[in-house]
Every structure is written in structure tokens, then in C-alpha cells.
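1. From the sequence below, what's the structure:
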Amino acid sequence: MYLDQIAHYWDRRAHGYAKTIQEQLSGQERDFFQRLLRNQAPAGKSLRCLDIGCGPGFFSILLAQAGHQVTAMDYSQGMLEHAKQHFHEAGVAVATLQGDAQSLSFANDSFDYLVSRNLVWNLEQPEQAYWEWLRVLRPGGRILIVDGNHYLHEYDEDYQAAKGMDALSRHSACYGVDPTPMNEIARDLPLSRVLRPKWDIDWFLSQDVDHLEVQVLRKSFIERQSGQQRSLITDFALGVEKPAEERWLSERIEDTDG
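-> Next up is the predicted model:
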């Protein structure tokens with residue numbers, strides 16, 4: 001329902017967002033995410049990687065510079081245009097594709113490593129997206145999801161209190177683009193209503209995934225009424241490994257025999 005509207009918003013944000021990515025490529029974020037991408041990747045060289053919701057190409061560049069084969073995908077054509085420019089400037093070869101993260105055009109087991117940054121909160125069907133990501137990932141492959149509780153303040157009293165005290169981040173680097181349309185859409189999106197990464201972890205565990213790693217970023221604020229310090233999860237990085245095919249098969253045989 002909102003897919004094209006969301007893409008239109010990010011088309012308008014693409015220019016400013018690209019400037020932010022350029023700054024991050026030469027800042028501390030580069031070193032942090034290089035380590036994160038390397039630590040969460042499956043073993044092997046020249047991995048087949050899919051950067052889903054690539055934006056201006058930050059993760060794609062880091063993966064390509066590490067020697068991997070990268071496909072960068074986004075539904076926003078504006079973001080893809082800036083990504084292509086960044087790939088050219090960085091001197092890396094990255095395939096680009098316009099596509100919906102909730103309905104992938106790739107065959108089963110097409111990739112070794114799927115990565116995504118600040119995309120999933122935008123999705124109307126996050127469960128469908130995660131199904132698709134597991135489908136195109138080969139057994140033993142890994143997924144890295146970097147995201148946050150960007151709109152939980154609309155539904156949770158603690159996050160609302162923190163937002164009211166400016167303890168939570170606001171839209172940055174909008175470069176004159178009004179975020180109101182995205183704010184209004186986000187209120188209707190399913191992941192604005194739930195605490196993450198708990199929701200994501202629970203979903204993957206329900207799909208027989210048993211190897212997960214999570215890092216969370218918390219921000220603190222002082223409650224006005226109690227004067228006590230509270231901390232809330234704002235951002236997170238979740239690593240997920242798809243079980244080996246042999247283990248899945250053996251479990252299903254045992255379930256049938258039982």
C-alpha cells in the first residue's frame with residue numbers, strides 16, 4: 001500500500017543521504033561497520049553478497065573493498081543513482097538492481113551473505129521479507145540486520161518520555177526535505193509498534209534458526225517524575241545464520257517419525 005510512497009520519500013532524501021554516506025566513508029563509522037561486516041560474515045573469500053535496501057551504497061562499498069561479489073538492491077531509484085556514483089568514485093564493481101525487499105527475484109540459495117541497514121523498519125510485510133531473505137540464502141550463510149526502534153515513541157510510554165526530553169535521535173541530514181510524510185506512514189507500519197530486536201529474534205527463532213548474535217545501542221535519559229536514570233534500546237545489529245541443510249532435513253525426518 002505504501003511502497004511507492006516510501007520510495008518517493010527516499011528519492012527526495014537521496015541527495016542529502018548520499019552526503020551523509022560520504023562523511024561516514026571517511027569517519028569512525030567506516031571502521032566500526034568494517035569490523036561488524038567482517039565479524040558477522042560466513043567463512044570464505046569472494047562471498048556472494050546482497051545489500052538489501054542499499055541506499056547510497058555504504059555497505060556495498062565496504063564489502064566490495066573486502067574482495068566480495070556484491071549486488072546492491074533498493075526500491076528507490078534515486079538512492080541507486082547515488083550508489084552507482086559512489087561505486088564509481090570508490091573504484092569498485094558492484095551490480096545494482098531496483099527491487100522490493102519483500103519479493104526477491106533471485107533463485108533459492110543464491111547468496112552467502114545478506115546485509116541490510118536501516119531498511120526493515122520501512123517494510124509493510126517484514127515477515128515476508130525475512131522469509132525471502134532466508135530463501136535466497138544458502139545453508140550456512142548469514143544475514144546481518146542493522147536497524148532500530150525509530151518510531152516506538154508513537155506507541156510506548158517510555159520511548160515517548162525519552163523523545164519528549166530529546167534523548168532519542170531525530171531525523172538528521174534531511175537537507176530541507178520535510179519528513180512529515182514518512183512520519184505519518186511510519187505510524188501505520190508494523191515494526192513501529194514493537195520492541196526490537198526482540199521481535200526479530202523471536203521471529204527467526206520460530207523458523208528453527210538457532211545461531212544469532214546481537215549488539216544493542218542504548219541511550220539514557222532521566223525521568224522527570226522519578227528522577228531516575230533509564231536506558232532504552234535505540235539501535236541494534238543482529239546476525240543470523242541459516243542452519244545447514246543437512247540439519248534441517250534430519251530435524252524434519254525426526255518430526256515425521258515422531
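
2. Residue 83 contacts residue 59, correct?
-> No. Residue 83 is beyond contact range of residue 59, at 10.2 Å (criterion: C-beta atoms under 8 Å). From N, CA and C alone the C-beta is placed, and that goes for glycine too.

3. Show me which of these two is the more surrounded one.
-> residue 83 (27 against 24; other C-beta atoms under 10 Å).

4. For that one, give me its contacts.
-> Shown here is residue 83, whose contacts under the criterion C-beta atoms under 8 Å, 6 or more residues apart in numbering are 54-57, 60, 72, 74, 94, 96.

5. Now for the residues you listed: which two are most distant?
-> Farthest-apart pair in the contacts of residue 83 is 55 and 94; separation 12.8 Å (C-beta to C-beta).

6. More neighbours: which of the two?
-> Neighbours were counted for residue 55 and for residue 94 using other C-beta under 10 Å; residue 55 has more, 27 against 23.

7. re the thing from before, and the contacts of residue 83, which is closest to residue 165?
-> Nearest member of these to residue 165, counting by C-beta to C-beta, is residue 55, at 29.4 Å.

8. Nearest spatial neighbour of that closest one, chain-adjacent residues omitted?
-> residue 79 (5.0 Å; C-beta to C-beta, 6 or more residues apart in numbering).

9. can you check residue 103 too?
-> That would be residue 132: by C-beta to C-beta, 6+ apart, it lies 6.6 Å from residue 103.

10. gap between the one you found and residue 208?
-> For residue 132, the distance to residue 208 (C-beta to C-beta, to the nearest Å) stands at 17 Å.

11. For those two, indicate the residue with more neighbours.
-> residue 132 (20 against 13).

12. and the more buried one, that's in a helix?
-> Yes. Assessed by DSSP: H, G, I helix; E, B strand; the rest coil, residue 132 belongs to a helix.

13. which residues does it contact?
-> 101-104.

14. would TSV of those residues with distance to residue 200, secondary structure and neighbour count be doable?
-> Shown next, in TSV, are the contacts of residue 132 (distance: C-beta to C-beta, whole Å; DSSP: H, G, I helix; E, B strand; the rest coil; neighbours: other C-beta atoms under 10 Å):
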residue	distance to residue 200	secondary structure	neighbour count
101	14	coil	25
102	15	coil	19
103	19	strand	11
104	18	coil	21
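
15. Name the nearest of these relative to residue 89.
-> Of these, the one sitting nearest to residue 89 (C-beta to C-beta) turns out to be residue 101, at 25.4 Å.

16. That closest one and residue 50 touch, don't they?
-> No. Applying C-beta under 8 Å as the test, residue 101 and residue 50 come out as separate, 9.8 Å apart.

17. hey, what's in contact with both of the two?
-> Common neighbours of residue 101 and residue 50 (C-beta under 8 Å, 6+ apart) are residue 73.

18. what's the average pLDDT for whichever helix in the chain runs longest?
-> Counting by DSSP state H, the longest helix found in the chain is helix 3-25. For helix 3-25, mean pLDDT rounds to 94.

19. thinking again about what came up before, can you tell me which of the contacts of residue 83 are in helices?
-> Using DSSP H, the contacts of residue 83 in helices are residue 60.

20. Perfect, I'm done here.
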